[in-house]
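Participant: Fold the stuff below for me.
(chains A and B)
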Amino acid sequence: MPFNEFLGMGGYGFYVWTSWALAFVVLIVNYIAPLRREKQLLRQFSRRERRRTQ
Amino acid sequence: MLDTMWNWLHKLASPPMFYRFAGPAANGFGWLSLALLLPGIFLSLAGSPPDYQQGESVRIMYVHVPAAWLSMFVYMSMAGAAVVGLVWRIKVSHAFVRASAPIGAAFTFLALVTGSLWGKPMWGTWWIWDARLTSELILLFLYLGFVALQSAIEDRDTADRAGAILVLVGVVNIPIIHYSVEWWNTLHQGATVTKFDKPSIDWRMLLPLLLMAMSFTFYYASAALRRTRCEILERERNSEWVRELTGGIDAVQ
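Facilitator: Sure, this is the predicted structure:
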């Protein structure tokens, strides 16, 4: 199948690709957020501990 | 056997144990999800035939149907954890309920939007107040309502209990979503993902659908455990073990 035809999705390209793109954005954002949050929390708490021990 | 399992569960109920368990478990589920996602994407977009009525637009279904399943699965998991939290007063359980809500909302949002993107070319409209669509929209509001309630209540224990009760009351919506296509005369089609009924779904369509659904399920497990870890850290910020964990750690810098 030629690549252009694949992108066109039989005329439904806009609907198909928007759906898939949105799914990826939503899932990736939802995964990165807690990873960053945890790092941020650990950093914040270890700063606190360092202040305490000084 | 049952005894060791019970002991293990009992240990998991302690926040530091759960925190330690959730990290590697989240990684495992994450890799599983990815391993299923890759063949799932390939078969959904290229390796499966177009539908004889919907043409290539059927490829939206490989996102839409799993997302809709997960929107309900996440809710039922929250309800299960809410019961455990209420009955046995297990804080980790409440943390898990709270951690699941944004993910459930995300899947519900995806189900609604991808449905809309399919509805426009197939039905000729982005939206219709049909029983299935309306009950799914109510599910989104339940998730958002839960999140709003959590941030509105200052006291953690009160917020946990109120949230759990809201989740349990909302469970009534789940069978409504599921049976809406039978109880009402909806534009949304009935259940057609079956091998036991006619018309039976083609294997080449069923396989990517199942791969995507399993991938989404493991994604949920992984993402929810990640969020639960944050939730536990915030709740236990002043406890001995969090202090020990973060005392003089240079590794996290």
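Participant: Please tell me how far the longest helix seen in chain A is from the chain's geometric centre.
Facilitator: Using DSSP state H, we find that the single longest helix of chain A is helix A:13-53. Computed by C-alpha atoms, centre = their mean, to the nearest Å, the chain-centroid distance of helix A:13-53 equals 7 Å.
Participant: Any part of it near chain B?
Facilitator: Yes. On the criterion C-beta under 8 Å from any C-beta of the partner chain, helix A:13-53 is in touch with chain B at A:15-16, A:18-20, A:22-23, A:26-27, A:30-31, A:34-35, A:37-39, A:41-43, A:45-46, A:48-50, A:53. Heads up, the C-betas are built off the backbone N, CA and C, glycines and all.
Participant: packing partners for that helix?
Facilitator: Packing partners of helix A:13-53 (3 or more C-beta pairs under 8 Å, 6 or more residues apart in numbering or on different chains; DSSP states H and E): helix B:61-88, helix B:91-123, helix B:203-235, helix B:240-246.
Participant: That one vs helix B:91-123, what angle?
Facilitator: 160 degrees (axes from the mean of the first three to the mean of the last three C-alpha atoms, to 10 degrees).
Participant: what comes up buried for stretch A:12-25?
Facilitator: A:12-13, A:15-17, A:19-20, A:22-23 (16 or more other C-beta atoms under 10 Å in any protein chain shown).
Participant: swap in stretch B:35-55?
Facilitator: B:36-37, B:40-41, B:43-45, B:48, B:54.
Participant: Closest to residue B:168 out of those?
Facilitator: In terms of C-beta to C-beta, no member of these lies closer to residue B:168 than residue B:36, at 31.2 Å.
Participant: any idea which element the closest one lies in?
Facilitator: Assigned by DSSP states H and E, residue B:36 falls within helix B:15-45.
Participant: could you point out where chain B is predicted with low confidence?
Facilitator: Chain B contains residues with pLDDT under 70 at B:248-253.
Participant: and if you look at chain A?
Facilitator: For chain A, the ranges with pLDDT under 70 are A:1.
Participant: What is the burial count for the nearest residue to residue B:181 once chain neighbours are set aside?
Facilitator: Once flanking residues are discounted, residue B:181 sits nearest to residue B:190: 4.5 Å by C-beta to C-beta, 6 or more residues apart in numbering or on different chains. Neighbour count for residue B:190, taken as other C-beta atoms under 10 Å in any protein chain shown: 11.
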